[in-house]
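Trainee: this one's structure only:
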């Protein structure tokens, strides 16, 4: 089984945001993935929705044996386990969240399915906070 290099973005704007992100990283590691690098934490305003809750964000490079869909299922499982009730795709928009884990790149793969698009173009090209976090990762 080969290892895949994946870049993730994690964010939280409910509860103890930094602690939520740190717990999510632990759960990613506990799921059998190797975390090789993380960015500094970045505090940012919500993007594409209105909220008075600020975000704590971080980028991470992980190595995984999982396929893109298996990794997506793993990340969604962690989000649910940590208390995230509503997924943005299901709602058709963004809301406050305990944790959000996005797959940004997966090796150099271009992948499109109903549930997942890699690379994550909004984070790579449209969102300022993402470009700051990803500048040393992409």
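Mentor: Arrived safely, thanks for sending. In this text, all values refer to a predicted model and were calculated from it rather than measured experimentally. Residues are numbered from 1 along each chain as shown.
Trainee: mind listing the strands in the protein by residue range?
Mentor: 4-12, 34-38, 42-44, 55-64, 100-106, 111-112, 117-118 (DSSP state E).
Trainee: a markdown table please, covering those and showing distance to residue 132 and mean neighbour count.
Mentor: C-beta: built from backbone N, CA, C; applies to glycine. Below are the strands of the chain laid out as a markdown table (distance: least, C-beta to C-beta, whole Å; neighbours: other C-beta atoms under 10 Å):
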| stretch | distance to residue 132 | mean neighbour count |
| --- | --- | --- |
| strand 4-12 | 11 | 23 |
| strand 34-38 | 14 | 13 |
| strand 42-44 | 6 | 15 |
| strand 55-64 | 9 | 21 |
| strand 100-106 | 13 | 22 |
| strand 111-112 | 25 | 11 |
| strand 117-118 | 21 | 18 |
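Trainee: Reformat those strands as JSON lines; add mean pLDDT.
Mentor: Shown next, in JSON lines, are the strands of the chain (pLDDT from 0 to 100):
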{"stretch": "strand 4-12", "mean pLDDT": "97"}
{"stretch": "strand 34-38", "mean pLDDT": "97"}
{"stretch": "strand 42-44", "mean pLDDT": "94"}
{"stretch": "strand 55-64", "mean pLDDT": "97"}
{"stretch": "strand 100-106", "mean pLDDT": "96"}
{"stretch": "strand 111-112", "mean pLDDT": "94"}
{"stretch": "strand 117-118", "mean pLDDT": "94"}
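Trainee: Quick check: which of the ones you listed is nearest to residue 134?
Mentor: With C-beta to C-beta as the criterion, residue 134 lies closest to strand 55-64 of the strands of the chain, at 5.5 Å.
Trainee: Surely residue 138 touches residue 7?
Mentor: Yes. Counting by C-beta atoms under 8 Å, residue 138 touches residue 7, with 6.6 Å between them.
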